[in-house]
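Visitor: Kindly return the folded structure for what I paste below:
(2 chains)
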Amino acid sequence: MSATTVNSFLRSSKLPLIYNSRNTWILRRVFTPEPTLDGFIQKNPNTLQEFQKYETVEYRTNKPAPPVKIILTCDVEGVGHQFDIVDVSSKAARTNLLLSKKAVYASPFDLKYYSEMKEKMAEELSSRIRIPFEFKQMGRELQKTLIPIKVSLNNAWVVNKTTIRSSLRQKGIFVPLDSLHLCQPEISGPSFDLEAKIVRFYIVISKQYIVPMLGRITHISVDEAKQIISPAFSSVPSDDDLRKHGLRPEFPIFSRVPEFDENYPVVEFMKDNAPSKPS
Amino acid sequence: MSTDTRKRSSKADDSLNTAALAHNLEALEFGRTCQSSAAGIAAGILGLTGINGFLLYLATVLFQAVIWETKAKGGWSLYFPDRNSLTWSHGNGLLTFVLLWVFFYGMVHMLSLLRNTLALPCSSVLSGGPVLRPVFGEIHQVRGRKRALKQTLTRQQRLERRIKREEKEAARKQYTFMERINIRRMKNLLSPSQQFPGRLVPENEVALPEKPTLDVFIKSHFKTQYYSVSEALLMHREIQAPNMYNNPNAPVRLRLELNMNTERQTKMVTSSDEIVPVPFPFKHNEKRTILAFVQDTKLQDLAVQSGAEIAVGQDMIKKIIKGQFRIDDYDFCVSHVDMASFILPLRGILKTRFPTRSNGGLGENLPELIEKFKNGVKLNIKADPVYPTWGLSDCVVGRLSMPDEQIEANVAAVVAAACAHRNPALGSFVNRALLMTIPGEEHYALNVSSWLPVASEEEIEKIEKRKNKKGKKKEEQKKEEDEDEEPVAVASA
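Guide: I've put the predicted structure just below:
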């Protein structure tokens, strides 16, 4: 039988595949033989059956692998910045980071090599603008939602910070009043023409990260007879939809120093500097 | 055998009188048949089996041969062409013999055997007799079962049966017929605790971080955040403002999620209905019916004037006990001090509505008492029909337009009243307290820890002792195991 036929035979048969895997068992004698006294010849430890009994201390193969220490060769979102030494799960390291050369093992050589490189590139690294992952993640979550701004059907209303904060809270987003910035002039009612109008406002996260948000005016009433049924747009409107409302797509912007405080003209700043593409 | 044949055959060997020969052979055949049938009958009746039967046949054959020889008077060749007195026609003879032998054996012996087996099945079973049991044995078994029915029960058995029956009945009596139907229906749906806004299950939030690190956060990404009453009210007021939901005087609803388990594994906190007097009454637009117990007729009139539905005296108590006067329709009862000793038998009937000093229902100033309970908060503790360890309580504690401190005081009073239903040593009775409005879906978890009763150390010890009692046996077993293991450890060390 030639080699190819043997291979195909093995593949077709239902024989279990034998993988080259390593199993580590740590065992301990149940009965330990007495130590050999000085000047005596050592006995064969297998003379008694008792001495051949072992109990398991640990079966390493069953335990999850410990995290791996790696050095990042570039900025990786959610993991760390370039040249950071981080512990990541062995799966993430071996299936993603190491294979794609985003990271290397923290071997003694690499540790030395990359620390030197870090020192060399110190200036360049410090000049780089890095947005903390937490900010980015929050920004993405916020931008994904279109906030229905609830206004009364019966009474006079003004879309102010409190209205928007309450509407955001109904969507499960908790925001302090100072970090909200609205476009001027204020929108006010009662005016049913404004129903479903899309409004731009800004949320500033920790005075550093401006997230442009979209709200949609929705009239509501406690009186069930007056409730309006209108299609609920849960997804963010497209660029064309925005243009109809005189808006343009905007993306978050980051500042290294916490300068976007309550009194900062966020709206004017965004008019000139808002990025039209995600960073 | 005729003499003519003999004479003729002796004259000439080659000439045979065929008619005489045929006659003679017929006689032989008849004799053989008679002999074999007689032998068969005899063998059957005698109960011979196997070779013995054939020996009898052989004996009769020999006997007949002797008869035939004497009849032929020694001149066999005169009457027959060959000498065959022993060998004649055994084919037919044996067939007849076997037929009759088997028939008679069957008739005589098989039937008697059958009769014997019918008469003595029990004894044969007991003595471990034949392996095969006749089918008719079943008749006997039926009789046996009937006899077992009449068997007297031992005291132990009777006790066991009674306990079982009582358990069954108690399980049935726990809920009424309609409740049972509703429970069955609700098991297919979400339990009331799981319906909006749901119940807080701490295990579901284990993986989430405790506190948000940024000033902006999304609720679902963190563990439940607890607010003070004033913070929660501020948020509600913003939403209920005229330019939004336009309901600034909305009733404030307190939704308590409860842990209903008690010291005993199988017993839960019972559902109850009571009125909690609150320090800051408000307009609740609910009808409250209050029953007043008072002896003096003047005071009775006063009680009715001040808002009691009806005021009754000592004479009514017996009627209440007998069930002639229904007290189900009354939300609460108040009592004047002069009736304190007379109403004691009603404790079991009124349960949580029973007026005492501790719940404030017993006093001297009836109009004040009635006023207090008329404006109180209706606290309704309901057990979850699907998850018996869960409970739910919904009540209105104030209105949004009221000052924060007043609502806070009311919430404190209600929480304290609810917590009185369970031993504080068991842990917090309130799993989560939500402040909501009617109508409205917004809910904010309240930090109620400051209003929960604190258990004394003695009580906590008591509970732990009770728990340990059950765990003791297991511990002892473990200890024994440890002792067994110790020498091994020493040896390995």
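Visitor: Going by C-alpha atoms from here, please, whenever you check contacts or count neighbours.
Guide: Noted.
Visitor: what's the following helix or strand after the helix or strand harbouring residue A:204?
Guide: Assigned by DSSP states H and E, residue A:204 belongs to strand A:198-205. Sequence-wise, the next helix or strand downstream of strand A:198-205 (DSSP H and E) is strand A:209-220.
Visitor: mind saving the C-alpha coords of the strand holding residue A:204 as PDB?
Guide: Output of strand A:198-205 as PDB, limited to C-alpha atoms (Å, rounded to 0.1, in the frame of the first residue of the first chain):
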ATOM      1  CA  ILE A 198     -33.800  66.200  14.400                       C
ATOM      2  CA  VAL A 199     -31.800  68.400  16.800                       C
ATOM      3  CA  ARG A 200     -28.000  68.500  17.400                       C
ATOM      4  CA  PHE A 201     -26.600  68.700  20.900                       C
ATOM      5  CA  TYR A 202     -23.200  67.900  22.500                       C
ATOM      6  CA  ILE A 203     -22.200  65.800  25.500                       C
ATOM      7  CA  VAL A 204     -18.800  66.500  27.000                       C
ATOM      8  CA  ILE A 205     -17.300  63.500  28.800                       C
END
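Visitor: quick one: strands adjacent to it?
Guide: According to DSSP bridges, strand A:198-205 has the following sheet partners: strand A:180-182 (antiparallel), strand A:209-220 (antiparallel).
Visitor: Contacts for the first one, please.
Guide: Residues outside strand A:180-182 that contact it (Cα atoms under 8 Å, 6 or more residues apart in numbering or on different chains) are A:160-161, A:165, A:200-204, A:266-267.
Visitor: Chain B against chain A: which residues are in contact?
Guide: B:214-220, B:235, B:238-239, B:242-247, B:439, B:442, B:488, B:491-492 (Cα under 8 Å from any Cα of the partner chain).
Visitor: quick one: which of those sit in strands?
Guide: Within those, residues falling in strands by DSSP state E are B:217-218.
Visitor: Would you show me how to pick out the buried ones of the residues of chain B next to chain A in ChimeraX?
Guide: Buried members of these, identified by 16 or more other Cα atoms under 10 Å in any protein chain shown, are gathered into one ChimeraX selection as follows:
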select /B:216,217,218,235,238,239,242,243,244,245,246,247,442
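Visitor: same question for the strand holding residue A:204, mean pLDDT?
Guide: Mean pLDDT, strand A:198-205: 93.
Visitor: got it, and stretch A:45-65?
Guide: Mean predicted lDDT for stretch A:45-65 stands at 88.
Visitor: Put the alpha carbons of it into PDB.
Guide: Taking Å, rounded to 0.1, in the frame of the first residue of the first chain, the C-alpha atoms of stretch A:45-65 are listed here in PDB:
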ATOM      1  CA  PRO A  45      11.100   1.400  46.000                       C
ATOM      2  CA  ASN A  46       8.800  -0.900  44.000                       C
ATOM      3  CA  THR A  47       9.300  -3.800  46.300                       C
ATOM      4  CA  LEU A  48       6.000  -3.200  48.000                       C
ATOM      5  CA  GLN A  49       2.800  -2.700  46.100                       C
ATOM      6  CA  GLU A  50       1.800   0.100  48.500                       C
ATOM      7  CA  PHE A  51       4.700   2.200  47.300                       C
ATOM      8  CA  GLN A  52       3.400   2.100  43.800                       C
ATOM      9  CA  LYS A  53       0.200   3.900  44.700                       C
ATOM     10  CA  TYR A  54       0.000   7.500  43.700                       C
ATOM     11  CA  GLU A  55      -2.600  10.200  44.200                       C
ATOM     12  CA  THR A  56      -3.300  13.200  42.000                       C
ATOM     13  CA  VAL A  57      -2.200  16.600  43.400                       C
ATOM     14  CA  GLU A  58      -2.900  18.500  40.200                       C
ATOM     15  CA  TYR A  59      -4.000  17.900  36.700                       C
ATOM     16  CA  ARG A  60      -2.600  20.900  34.900                       C
ATOM     17  CA  THR A  61      -4.200  20.200  31.600                       C
ATOM     18  CA  ASN A  62      -7.600  20.900  33.100                       C
ATOM     19  CA  LYS A  63      -6.700  24.300  34.400                       C
ATOM     20  CA  PRO A  64      -7.100  27.400  32.200                       C
ATOM     21  CA  ALA A  65      -3.900  28.700  30.900                       C
END
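Visitor: Are that stretch and chain B in contact anywhere?
Guide: No. Shown here: stretch A:45-65 not in contact with chain B (Cα under 8 Å from any Cα), separated by at least 10.5 Å.
Visitor: Can you tell me which residue is spatially central in the chain?
Guide: Assuming you mean chain A. Compute the mean C-alpha point of chain A, and by Cα atoms, centre = their mean the closest residue is residue A:78, 5.2 Å away.
Visitor: that's the wrong chain, I wanted chain B
Guide: By Cα atoms, centre = their mean, the most central residue of chain B is residue B:168, 8.5 Å off.
Visitor: which among the contacts of strand A:180-182 end up buried?
Guide: Here, 16+ other Cα under 10 Å leaves A:161, A:165, A:200-204, A:266-267 buried among these.
Visitor: could I get these as JSON lines with distance to residue B:190?
Guide: Listed next are the buried ones among the contacts of strand A:180-182 as JSON lines, based on distance: Cα to Cα, whole Å:
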{"residue": "A:161", "distance to residue B:190": "38"}
{"residue": "A:165", "distance to residue B:190": "32"}
{"residue": "A:200", "distance to residue B:190": "39"}
{"residue": "A:201", "distance to residue B:190": "39"}
{"residue": "A:202", "distance to residue B:190": "39"}
{"residue": "A:203", "distance to residue B:190": "38"}
{"residue": "A:204", "distance to residue B:190": "40"}
{"residue": "A:266", "distance to residue B:190": "47"}
{"residue": "A:267", "distance to residue B:190": "47"}
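Visitor: How is the residue nearest to the centre of chain A assigned, secondary-structure-wise?
Guide: Assigned with DSSP: H, G, I helix; E, B strand; the rest coil, residue A:78 falls in the coil class.
Visitor: just checking, it touches residue A:135?
Guide: No. Using Cα atoms under 8 Å, residue A:78 is not in contact with residue A:135; the gap is 10.8 Å.
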